[in-house]
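In: sequence and predicted structure are below.
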Amino acid sequence: MKKTGFLYDERYQLHTTGNYHPEAPDRLSRVYEGIKQAGLLPKLVLINASRADMKWIEMVHDREYIQRFEAACRSGVNMFDSPDNQMCPETYETALLAVGGILDVVRQVMDGTLDNAFCAVRPPGHHAEANKAMGFCYFNNIAIAARYMQKEWPIQRVGIVDFDVHHGNGTQHIFEGDPTVFYYSIHQHPSFAYPGTGREFESGKDFGHGYTKNSPVLPGQGDEEYKRLMKKDLFPAFDEFKPQAILVSTGFDAHRDDEMSDIKLSTEGFSWIMQKIVELADRHSDGKIISILEGGYSLRRLPELAANHVEILLK
Amino acid sequence: MFVSRSMTRRVITVDQAISIFEAQELMAKNDIRHLPVVDKNQRLIGIVTDRDIRSALPYSFYKDSSSTEENEKLSALKVNDVMTENPISISPTSTIQDALLMIQDSKVGALPVVDDSGFLTGIISVRDLLRAFINVLGIGEPGTLLCILVEEKVGQLKKIVDAVTEENISFGSVLVARYWDRDKRAVFIYLLTLNVVHVKEKLQDLGFELLDPMKWYLDQLPQNESPFES
């Protein structure tokens, strides 16, 4: 059995979005409950939130943006950059706690204390751009984790797999010119779903050309199409790139019961995806996986999806 | 929506007396495929495309097997030997819609823009129209596309706009298209949000049918009918 970390903290529920928003604090209690009910908690190494050092956030986000976010939050307004991004006075601190907890996890995985980990954080991050909040996201958690890893350890190649049903525009844009971070995303086709990027022809820029790969999935598709696309687009790419660590943007919103998309993945489909990512990590990165929660809004399905996810990491 | 706002103003032109190879090089260097041909007063007299030039060159030229004599003959070819004289042009005060229909009808890749006095003022190409169309669709901004099937009667769009507005969502674009069923219209709303859960529910509660995105296409038309039938 692997040593699997579980980043969870009730303070991640302090970021509230009003009582009419899908990205609600309840999502995390459902994730926690699911893992607990499955009897997995005693097998996991529980990690609590900690506040991130600003210098790591500044490796991804403009200082001006960070200050603007903090100021907006303090001023008491209830949205930032778009009505999608509902917030409360605790949002900024919660976002810092999310990043800080993740960096802690990265450290423990890199120094071998943990084999892998699941970070159940809010707010999510993959839509956040260097200078703009988007799609419920403020700080790009996974991008900061990748930069931190590269700065503190001798890691030349980081692989990111993003299976949230929406394309991670922020993550793609942050790394599109960088050949040391391979960004792979599978998501609902951008002509039908937010944010309208992640088309097949987007494959990186300048030196980073060939280190971004997108698999758009048409509405109504499910397990078979995901399997086909990941076999075609992800596995050969990572077998060639040989990532030394794998970061995962874990979104559960492609589930057939999730109202946020028209993709019809089954619960078993999610398990297949995660199992394959674990196999990639076993082949190339000594099993190092850090999975970070993004979307997933079906309160009914989140418990089982989170429990299965963690169980696969533990195996 | 006027041609003058979407056309390329700094248009590269040629004199009819230059060689076709010079014209070809000019197009390659500037990554363009059309060169308006003007007289010394900037009046349009023709247009030459990269295809006109390629068609003027024999196969042996590409195979590198043409004789010196042949090559000399080709070098003597001038733009006015291959250009289209008096090409179809469009006025700067014509609309984008005019340009779209003219280009579709005439099967050209670009239209020189000529003012009332016959002076060339720009060129509008398929590329310029694409840019305008991308802007109209609003797809340069992040959002989600919904397709709603509505009865063909007055006031439907208002209900949709009201529902979206109540959800505090901005519109990227709204398109109303014909549907194969003549009594219905397909309304495509591009919403600048990730959060479409509540608005979808609301629209369904109002009795609208949300179409399966795989069941429609933007250029769907009533059955047995095609556009511009002559």
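Out: In hand now; what should we look at?
In: rest of the way, CA atoms for contacts and neighbours
Out: Noted.
In: list the contacts of residue B:8.
Out: Under the criterion of CA atoms under 8 Å, 6 or more residues apart in numbering or on different chains, the contact list for residue B:8 reads B:122, B:123, B:124, B:128.
In: if we use 6 Å, what do you get?
Out: Applying CA atoms under 6 Å, 6 or more residues apart in numbering or on different chains, we find residue B:8 in contact with B:122, B:123.
In: give me the distance between it and residue B:111.
Out: Per CA to CA, to the nearest Å, residue B:8 is found 11 Å from residue B:111.
In: what does residue A:115 give?
Out: From residue A:115 to residue B:111 the distance is 63 Å (CA to CA).
In: smallest gap between chain B and chain A, at which residue?
Out: Minimum separation of chain B from chain A (CA to the nearest CA) falls at residue B:142, amounting to 4.2 Å.
In: how many other residues sit next to that residue?
Out: With neighbours defined by other CA atoms under 10 Å in any protein chain shown, the count for residue B:142 comes to 21.
In: which secondary structure element is home to it?
Out: Under the criterion of DSSP states H and E, residue B:142 resides outside all helices and strands.
In: the residue nearest to it when sequence neighbours are not counted in helix, strand or coil?
Out: Nearest non-adjacent residue to residue B:142, counting by CA to CA, 6 or more residues apart in numbering or on different chains: residue A:195, 4.2 Å away. Three-state call for residue A:195 (DSSP: H, G, I helix; E, B strand; the rest coil): coil.
In: returning to that earlier point: tell me which of residue A:115 and residue B:111 has more neighbours.
Out: Between residue A:115 and residue B:111, counted using other CA under 10 Å, residue B:111 has the larger neighbour count: 24 against 21.
In: show me the beta-bridge partners of that one.
Out: Under DSSP bridges, the beta-bridge partners of residue B:111 are residue B:124.
In: verify the stated contact: it with residue B:127.
Out: No: the pair residue B:111 / residue B:127 is not scored as a contact, 11.3 Å apart, by CA atoms under 6 Å.
In: quick one, domains of chain B?
Out: Using automatic domain parsing, the domain ranges for chain B come out as B:3-134, B:140-215.
In: centre of the chain to the last one, how far?
Out: Distance of domain B:140-215 from its chain centroid, counting by CA atoms, centre = their mean, to the nearest Å, is 25 Å.
In: so for it, mean pLDDT?
Out: Throughout domain B:140-215, pLDDT has a mean value of 90.
In: same question, the longest one
Out: pLDDT averaged over domain B:3-134 equals 90, rounded to a whole number.
In: quick check: end-to-end length of that domain?
Out: Distance between the boundary residues of domain B:3-134 (CA to CA) amounts to 16 Å.
In: elements contacting the longest strand anywhere in chain A?
Out: Using DSSP state E, we find that the single longest strand of chain A is strand A:181-188. Here strand A:181-188 is seen to pack against strand A:158-162, strand A:212-217 when contacts are counted using 3 or more CA pairs under 6 Å, 6 or more residues apart in numbering or on different chains; DSSP states H and E.
In: now do the contacts for the nearest residue to residue A:261 once chain neighbours are set aside.
Out: Distances taken as CA to CA, 6+ apart put residue A:254 closest to residue A:261, at 6.2 Å, once the chain neighbours are dropped. Neighbour list for residue A:254: A:165, A:263, A:265 [criterion: CA under 6 Å, 6+ apart].
In: recalculate using a threshold of 7 Å.
Out: Contact analysis of residue A:254 by CA atoms under 7 Å, 6 or more residues apart in numbering or on different chains lists A:164, A:165, A:261, A:263, A:264, A:265.
In: show the contacting residues for the first one.
Out: Residues in contact with residue A:164 (CA under 7 Å, 6+ apart) are A:187, A:249, A:250, A:251, A:252, A:253, A:254, A:294, A:295.
In: go again with 6 Å.
Out: Residue A:164 sits next to A:250, A:251 when contact means CA under 6 Å, 6+ apart.
In: for it, give me phi and psi.
Out: Dihedral angles of residue A:164 (phi, psi; degrees, to the nearest 10) stand at phi -60, psi 150.
In: local confidence estimate at it?
Out: Residue A:164 is assigned a pLDDT of 98 by the prediction.
In: quick check, central residue of chain A?
Out: Centroid-nearest residue in chain A, with CA atoms, centre = their mean: residue A:249, separated by 2.5 Å.
In: in what helix or strand does it lie?
Out: Assigned by DSSP H and E, residue A:249 falls in strand A:245-250.
In: quick one: that strand to strand A:181-188, angle?
Out: Inter-element angle recorded for strand A:245-250 and strand A:181-188: 20 degrees (by axes from the mean of the first three to the mean of the last three CA atoms, to 10 degrees).
In: which residues are contacting strand A:245-250?
Out: A:158-164, A:285, A:288-294.
In: chain center to it, what's the gap?
Out: Remark: strand A:245-250 is offset 7 Å from the chain centroid, using CA atoms, centre = their mean.
In: and for the helix or strand following it, what's in contact with it?
Out: Next helix or strand after strand A:245-250 toward the C-terminus (DSSP H and E): helix A:267-284. Contact partners of helix A:267-284, identified using CA under 6 Å, 6+ apart, comprise A:223, A:242, A:287.
In: okay, the angle between helix A:267-284 and strand A:158-162?
Out: Using the same axes, to 10 degrees: helix A:267-284 against strand A:158-162 is 170 degrees.
In: buried ones in helix A:267-284?
Out: Neighbour-count burial for helix A:267-284, counted by 16 or more other CA atoms under 10 Å in any protein chain shown, picks out A:267, A:269-278, A:280-281, A:284.
In: mind putting those residues in JSON lines, distance to residue B:14 included?
Out: Converted to JSON lines, these look like this (distance: CA to CA, whole Å):
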{"residue": "A:267", "distance to residue B:14": "64"}
{"residue": "A:269", "distance to residue B:14": "61"}
{"residue": "A:270", "distance to residue B:14": "60"}
{"residue": "A:271", "distance to residue B:14": "63"}
{"residue": "A:272", "distance to residue B:14": "61"}
{"residue": "A:273", "distance to residue B:14": "58"}
{"residue": "A:274", "distance to residue B:14": "60"}
{"residue": "A:275", "distance to residue B:14": "62"}
{"residue": "A:276", "distance to residue B:14": "59"}
{"residue": "A:277", "distance to residue B:14": "58"}
{"residue": "A:278", "distance to residue B:14": "62"}
{"residue": "A:280", "distance to residue B:14": "58"}
{"residue": "A:281", "distance to residue B:14": "60"}
{"residue": "A:284", "distance to residue B:14": "58"}
